[in-house]
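>>> next come a sequence and a model predicted from it.
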Amino acid sequence: MSTPFTLAVCAEMVFLEKPVEERARLIHDLGFAVEIWDWTRKDLDALAATGATFTSMTGYVHGSLADPDGADALLRTAEESVAAAAKLGRPNLNLHGTGLDDRGLPVVPVETVTGAMWLIAEKTLSRIAALGQREGVVFCLENLNTAVDHPGTPFARAADTRTLVAAVDSPHLRMNLDLYHAQIGEGNLIDLVHESLPWVGEIQVADVPGRCEPGTGEVSYPAVARALAEAGYDGVVGLEAWASGDDETALSRFREAFSTT
């Protein structure tokens, strides 16, 4: 099997009985790149020593897009994240519409996103893009779903993140197009992919329902993979999913779903 994509696996969601460094080494040994979440709780030197290629990590510690104090915190901790990323080969730095707690819930939930909030968010992301340009890194704004996992998160839909990223129009600010979240919140994934690809920096996947590996739910990921390949996408596809059973089997199913030849 071969694939035009760089296949990555989130070390936060597989091989959970092992320390994260061992997870990264196992994922690497199985032929995948590695993604992580909160870098502040990890030994970055130990992760770097695994020899793995890291493609994504959380790009902030605190903050939000749409209020001035939150924006300043986001920029400050984004700078800290840039320094941390340097230890792991400068992976993409992931952002959300607002800070999330340990359960994935927004620290400050929002019921209605106002026009003023859109303008502040665009300005905040322009500052983030300028930081990315100065430091030679790429920040990616991830869409989330509010129906199941992240209620109250502003700028959650892929259409929202695309609008913001396109408005800033910088190669240092891209979309993290998460197709698990998009299936729950929007659907119509192949059209969504085609509409979003000019601004995509990474794609993440899991099946629906259950957030497990491809082949366990309703999404035809082989069809999505063909659409991506036909559109010329050859970037990162990251598995951000729980294993439905054996971890190595889950990773094998992921590879098979995104093998186009």
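Looks like it arrived, so ask away. Since this is a predicted model, take the numbers as computed values, not measurements.

>>> from what I see, V34 and A11 are in contact.
Yes - counting by C-beta atoms under 8 Å, A11 is a contact partner of V34 at 5.4 Å. Placement of C-beta: from N, CA and C, glycine included.

>>> between the two, which contacts overlap?
Listed as contacting both V34 and A11 by C-beta atoms under 8 Å, 6 or more residues apart in numbering are 24, 27.

>>> now do the contacts for M117.
65-67, 110, 154.

>>> a strand runs through E218, doesn't it?
No - E218 sits outside any strand when classified using DSSP: H, G, I helix; E, B strand; the rest coil, being coil.

>>> so how far is A250 from it?
17 Å (C-beta to C-beta, to the nearest Å).

>>> more crowded one of the two?
A direct count of neighbours by other C-beta atoms under 10 Å for E218 and A250 places A250 higher, at 22 against 10.

>>> looks to me like the more buried one is in a helix.
Yes - the assignment for A250 is a helix, going by three-state DSSP.

>>> pick out the residue closest to the middle of the protein.
Relative to the mean C-alpha position of the chain, the nearest C-alpha, by C-alpha atoms, centre = their mean, is the one of N176, at 4.7 Å.

>>> pLDDT score for it?
In this model, N176 is scored at 98, pLDDT.

>>> now do the helices in the stretch 1-150 of the chain.
20-29, 44-48, 68-85, 115-135 (DSSP state H, counting those that start in this stretch).

>>> against which helices or strands is the first one packed?
So that's helix 20-29. strand 33-35, helix 44-48 (3 or more C-beta pairs under 8 Å, 6 or more residues apart in numbering; DSSP states H and E).

>>> quick check: which element contains the residue nearest to the centre of the chain?
Assigned by DSSP states H and E, N176 falls within strand 173-178.

>>> how many residues are close by G51?
10.

>>> neighbours of the nearest residue to it once chain neighbours are set aside, how many?
Sequence neighbours aside, H28 is the residue nearest to G51 in space, at 6.0 Å (criterion: C-beta to C-beta, 6 or more residues apart in numbering). Neighbours of H28 under the rule other C-beta under 10 Å: 18.

>>> residues contacting H28?
34, 50-53.

>>> can I get the buried part of those residues as one ChimeraX selection?
Buried residues within those, by 16 or more other C-beta atoms under 10 Å, are selected in ChimeraX with:
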select :34,50,52,53
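
>>> low-confidence bits of the protein, can you list those?
261 (pLDDT under 70).

>>> go with 50
Low-confidence regions of the chain, defined here as pLDDT under 50, do not occur.

>>> for D101, find the nearest of the helices and strands packed on helix 20-29.
Of all the helices and strands packed on helix 20-29, strand 33-35 sits nearest to D101, with 20.0 Å by C-beta to C-beta.

>>> ok, F155 - contacts?
Contacts of F155 by C-beta under 8 Å, 6+ apart are 65-66, 97, 113, 121, 141, 161, 164.

>>> hmm, try it at 6 Å
Contact analysis of F155 by C-beta atoms under 6 Å, 6 or more residues apart in numbering lists G97.

>>> any idea how far L125 is from it?
F155 is 10 Å from L125, by C-beta to C-beta.

>>> cool, and P222?
From P222 to L125 the distance is 34 Å (C-beta to C-beta).

>>> compare those two (neighbour count), which wins?
L125 (24 against 15).

>>> on that earlier part again, most neighbours of all the contacts of M117, which one?
Going by other C-beta under 10 Å, L65 tops the contacts of M117 with 26 neighbours.

>>> so S259, which of the three states?
coil.

>>> same check, this time on D234
Criterion first, three-state DSSP; result for D234: coil.

>>> which residues does V237 contact?
V237 neighbours (C-beta under 6 Å, 6+ apart): 5, 7, 203, 258.

>>> on that earlier part again, any idea which of the helices of the stretch 1-150 of the chain is most buried?
helix 20-29 (a mean of 20; mean count of other C-beta atoms under 10 Å).

>>> what about S252, how many residues nearby?
There are 14 residues near S252, going by other C-beta under 10 Å.
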